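Participant: Just a sequence and a predicted model for now, questions to come.
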Amino acid sequence: MEGQRFSDSIGARMKLSLPGRLQQPLTTLRQSSLARNAGWMLAGQGLNVVFQAAYFILLARLLGTVEYGIYAGAIALVTILGNFSSLGSGTLFVRYVTADRKNFSVYWGNILLSTFLLSGFVILGLKFFASHFVSSSSASIIVVVAIGECFCRQLAYACGQVFQTYEKLKITALLNLLTSFLRLLASGALLLALHHATARQWAAASLIVSLLVSASAVFLVQRSFGRPTFSLRLARQRATEGFGFSFSGSAASVFNDVDKTMLSHHHMDAANGIYTVAYRVVDIGTMPVYSLFSAAFPRFFASGDNPAAARTYAERLVKRSVLMALVLAAGMFLLAPVLPVLAGKGFAESVSALRWLCLIPMFRSLHLSAGSALTGSGLQRYRTGSDVFVALLNVGLNLYLIPRYGWHGAAFASLASDGTLGILNWTLLAVLSR
């Protein structure tokens, strides 16, 4: 009997030694809602990476360098202005519904009202003025692209933010996954049927996909949380703050997409196709970093107007994100020669472009962490200011470099802009948190 007790005691101690030490952090990890949400986003983004990688390879083969460049010019211009289509109503939802769940219906109504009204004005503006900014070929498809991006995509994205607010990142991830999956099917079907398509044909197919996804997203929000109520008074009251969010998003889009717009403006459609394919790989490679900050974003608001608390949280996250980004950068640099094998021989020059751009995920992890802390602690105006400054810097660099160096100039401007934004955001957060 004593021997059995001694054996049980030794067994208990062994369980508390190495396995016990391992079990405790695993238990903590399982109980962490942030870890679960980041896990859902990462799992969804993992499948999303597969779908998007397959989709962009099929699309590159379907369109070729010139048509891909034409489509890239149109989508870049639309993305820059598309942020104004919802006037930041999705981020307003996160900010005010995180604080008080009773605000759901009126802020959900604000999302629908803002997106329906403002997207129409943005689409009309693009229709009449696009030819001044992009090539005539890109301008000819701008309306079809704008409906899909300014109305459908913005609405679907805001619906994702609704689920993000309630920390139901599984649904947010599934919505992103649905978009990529349907685009993969559409590009595959066109490749089988036509072998080669024009940018206009692909824009029409992409619009159908966007309509299906946005309708599904609205249905899921209505079924999960209830119907909207509409308040023009609230829309007017929050318009200035929402404009700040939209302006910040647009400024961020400027230094992500103005290079593609300018390449199109200078009729460098083939160079635009080469550069955009490499940039697309970088966007896909950055998804794990975005997953982490998407899961954490509502928690920055939960800290209240407390920059010091937000900074502490950002410092914890950035340690993980920078390490992750460096691993991704090394992978992109080493695997770059595979790109023309997958996308087609016409994209051989994209190998060099990808190696130029592979450090962007690290710079993004820096400015996303500090930027999220500024937004969550009520200091969005400072983040907007840094975004605007870097957007102007990016435009100036591209105006000088693209006519002289083509996509090489665009790559240098992107690296300089993302790096500068990371330094600015962390400097602002460090100063303001004191």
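Facilitator: Great, that's in hand. Numbers count the residues shown, from 1 in each chain.

Participant: what about the residue nearest to Tyr71 when sequence neighbours are not counted, neighbour count?
Facilitator: Residue nearest to Tyr71 in three dimensions, not counting chain neighbours: Ala199, with 4.0 Å by C-beta to C-beta, 6 or more residues apart in numbering. All C-beta spots, glycine's among them, are computed from the backbone N, C-alpha and C. Counted with other C-beta atoms under 10 Å, the neighbours of Ala199 add up to 25.

Participant: What's the separation between Ala199 and Trp426?
Facilitator: Ala199 sits 39 Å away from Trp426, going by C-beta to C-beta, to the nearest Å.

Participant: quick one: Gly344 from Leu212, how far?
Facilitator: Taken as C-beta to C-beta, the span from Gly344 to Leu212 is 28 Å.

Participant: make that Ile142, sorry
Facilitator: For Ile142, the distance to Leu212 - C-beta to C-beta - is 22 Å.

Participant: Just want to know which of those two has more residues nearby.
Facilitator: Ile142 (24 against 15).

Participant: What distance do you get for the more buried one to Thr179?
Facilitator: Taking C-beta to C-beta, one finds Ile142 at 21 Å from Thr179.

Participant: before we move on, what about Ser187?
Facilitator: 12 Å.

Participant: One more: Ser350?
Facilitator: Ser350 is 24 Å from Thr179, by C-beta to C-beta.

Participant: And Val49, by the same measure?
Facilitator: For Val49, the distance to Thr179 - C-beta to C-beta - is 13 Å.

Participant: and the two? which has more neighbours close in?
Facilitator: Neighbours around Val49 and Thr179, counted as other C-beta under 10 Å, are more numerous at Thr179. The numbers are 25 against 16.

Participant: looking at it, that one is touching Val213, isn't it?
Facilitator: Yes: under the criterion of C-beta atoms under 8 Å, Thr179 makes contact with Val213 at 4.9 Å.

Participant: Which neighbours do these two have in common?
Facilitator: Ala156 (C-beta atoms under 8 Å, 6 or more residues apart in numbering).

Participant: what's the spacing between the helix ranked longest in the chain and its chain's center?
Facilitator: Among the segments of the chain that qualify as a helix by DSSP state H, the longest is helix 33-82. Its chain's average C-alpha position is 9 Å from that of helix 33-82, according to C-alpha atoms, centre = their mean, to the nearest Å.

Participant: What is the subsequent helix or strand relative to that helix?
Facilitator: helix 89-99 (DSSP states H and E).

Participant: what's the distance between that next one and the middle of its chain?
Facilitator: Centroid separation for helix 89-99 versus its chain: 18 Å, with C-alpha atoms, centre = their mean.

Participant: State the mean pLDDT of that helix.
Facilitator: Taken as a whole, helix 89-99 carries a mean pLDDT of 88.

Participant: Using CSV, list the CA coordinates for it.
Facilitator: Extracted in CSV, the C-alpha atoms of helix 89-99 (Å, rounded to 0.1, in the frame of the first residue of the first chain):
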residue,chain,number,x,y,z
SER,A,89,-18.6,53.5,-40.6
GLY,A,90,-17.2,50.1,-40.0
THR,A,91,-14.4,51.4,-37.7
LEU,A,92,-17.0,53.7,-36.0
PHE,A,93,-19.0,50.5,-35.3
VAL,A,94,-15.9,48.9,-33.7
ARG,A,95,-15.2,51.9,-31.6
TYR,A,96,-18.7,52.6,-30.2
VAL,A,97,-20.2,49.1,-30.1
THR,A,98,-17.2,47.6,-28.4
ALA,A,99,-17.9,50.2,-25.6
